[in-house]
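Student: structure, please.
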Amino acid sequence: MAVKNKQSKGGEARASSLTAKQRSDIARLGALTKWANEGKSVPLLAAYGAADRPLAIGNIEIPCYVLADGTRVLAQRGLQSGIGLSEGGGKSGARKIVELMERLAEKGIDVKGLAARANSPIRFIPPHGGNPADGYEATILPDLCAVLIDAQQQGVLDRRLARLAQRAAVLQHGFATVGIIALVDEATGYQDIRQRDALAKILEKFVAKELRPWISTFPSQFYEQIYRLNNWSYDAGSGRPGVIGHWTNNIVYKRLAPGVWNELNRLTPRNDKGRLKHKLFQRLTEQVGHPKLKEHLAAVVMLMKYSDNWQVFMARLDKEFPQWGETLMLPFPDDYVPISK
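Tutor: Model prediction:
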């Protein structure tokens, strides 16, 4: 008995030393092992999302998650409640949406294949572990709302079902501008992860791992135009004012792609006087970074030539080629490469 108590105390001590994430991971692993041992198909894992961070539109809340494979899902019970149906999980819950869509289809409404989609919920395990839950890809919600609103406009909803269309209108208004995927990402916190991943992919395309040999890159016209716009006398053989380096960062590197200027500065060492030991463009990739730099320089020089003074040029530059921030407002595809605006 003493041994058992000792083991129990040891287990409690170990549990108390675990972080919340470690406890969550253990719970999920236990659930997966249990299902696998029972010979059942293993549900997908939800990597992001929590019961206390639902998708909120007006006073409507729907629990949402991002699965490990990137699929955004809405919890079945929450989806039903969100559109105004009584809650219910499992097959009975799916049937409520299926039967509603089948009734509308019989009345001539295009239900966009929603009956079949609702009949095939996604089985997943929430991030905190526990029993598997059912859900649907988040994109089902805009389609459900569109069908209900269409049914209302065609006058096929009775008084009891008319409230569903009213809720659908509230929901549709909520994601009409931003989009359902963006709302789920914000609610689950996945947008921060997504943005970091997107930024990493862009930097991989633009910034080289190895230092490239120095080759003449900036055309002389770039500096000639800077002098002209500031009403300075240009002498190719004389040194340039230090401010031109700051302007070059502003005009060129900070406008190439998100995060590129910061990454180039991070990778380029400085001497004892704080000056860069290499040119920033020597860290640009040959396939993407360097060609985009040349393209951007050509466009900038063209803007300079058609500007009467520095103020006019900078105003046009900010309009045509605004600086990139660190925050990416939209998800970028894997093959994304910024182009001249």
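
Student: where do the helices of this protein begin and end?
Tutor: 2-17, 20-37, 76-83, 90-106, 114-118, 140-153, 159-175, 180-188, 190-206, 220-229, 243-251, 260-267, 289-305, 310-320 (DSSP state H).

Student: which residues does the fifth one contact?
Tutor: Which is helix 114-118. Under the criterion C-beta atoms under 8 Å, 6 or more residues apart in numbering, residues 94, 97-98, 101-102, 105, 136-137, 140, 143-144, 147 lie in contact with helix 114-118. (C-beta placed from N, C-alpha, C; glycine too.)

Student: same check on the last one?
Tutor: Contacts of helix 310-320 with the rest of the structure, by C-beta under 8 Å, 6+ apart, involve 229-230, 251, 255, 299-300, 303-304, 306-307, 341.

Student: flag the least confident of those residues.
Tutor: Ranked by pLDDT, the contacts of helix 310-320 bottom out at residue 341, which scores 38.

Student: picking up where we left off before, which one of the contacts of helix 114-118 sits closest to residue 295?
Tutor: Nearest to residue 295 among those, counting by C-beta to C-beta, is residue 137 at 38.3 Å.

Student: burial count for the closest one?
Tutor: 16 (other C-beta atoms under 10 Å).

Student: hang on, it packs against residue 69?
Tutor: No: at 11.4 Å, residue 137 does not count as touching residue 69 under the criterion of C-beta atoms under 8 Å.

Student: between the contacts of helix 114-118, which has the most around it?
Tutor: residue 144 (26 neighbours).

Student: apart from its neighbours in sequence, what residue is nearest that one?
Tutor: Distance criterion C-beta to C-beta, 6 or more residues apart in numbering; nearest residue to residue 144, sequence neighbours excluded, is residue 83 at 5.9 Å.

Student: OK, contacts around the one you found?
Tutor: 141, 144-145, 148, 164, 167-168, 171.

Student: so how do I select the buried members of these in PyMOL?
Tutor: Listed next is the PyMOL selection for buried residues among the contacts of residue 83, using 16 or more other C-beta atoms under 10 Å:
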select buried, resi 141+144+145+148+164+167+168+171
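
Student: now the contacts of residue 83 as JSON lines including distance to residue 243?
Tutor: Shown next, in JSON lines, are the contacts of residue 83 (distance: C-beta to C-beta, whole Å):
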{"residue": "141", "distance to residue 243": "53"}
{"residue": "144", "distance to residue 243": "58"}
{"residue": "145", "distance to residue 243": "55"}
{"residue": "148", "distance to residue 243": "61"}
{"residue": "164", "distance to residue 243": "63"}
{"residue": "167", "distance to residue 243": "59"}
{"residue": "168", "distance to residue 243": "58"}
{"residue": "171", "distance to residue 243": "53"}
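
Student: quick one on the thing from earlier: please report the distance of the residue nearest to residue 144 from residue 297.
Tutor: 53 Å (C-beta to C-beta, to the nearest Å).

Student: quick check: residue 156 touching residue 105?
Tutor: No: the pair residue 156 / residue 105 is not scored as a contact, 10.5 Å apart, by C-beta under 8 Å.

Student: picking that back up, so what pLDDT did the residue nearest to residue 144 get?
Tutor: For residue 83, the predicted pLDDT is 92.

Student: measure it to residue 147 for me?
Tutor: 10 Å.

Student: check residue 303 too.
Tutor: Separation of residue 303 from residue 147 (C-beta to C-beta): 49 Å.

Student: per-domain residue ranges of the protein.
Tutor: According to automatic domain parsing, the chain comprises the domains 16-188, 194-320.

Student: can you give me the offset of the last one from its chain's centre?
Tutor: Put plainly, it is domain 194-320. Centroid separation for domain 194-320 versus its chain: 28 Å, with C-alpha atoms, centre = their mean, to the nearest Å.

Student: can you give me the neighbour number for the residue lying closest to residue 181 once chain neighbours are set aside?
Tutor: Distances taken as C-beta to C-beta, 6+ apart place residue 72 nearest to residue 181, at 5.7 Å, with adjacent residues excluded. By other C-beta under 10 Å, the residues close to residue 72 number 25.

Student: wait, doesn't residue 72 sit right on residue 187?
Tutor: No: the criterion here is C-beta under 8 Å, and residue 72 misses it with residue 187 at 9.7 Å.

Student: sketch out the low-pLDDT regions of this structure for me.
Tutor: 1-42, 87-93, 177, 195, 198-199, 325-341 (pLDDT under 70).

Student: hmm, try it at 80
Tutor: For the chain, applying pLDDT under 80 flags the ranges 1-45, 47, 50-52, 86-94, 128-131, 176-178, 191-203, 236-237, 273-274, 324-341.
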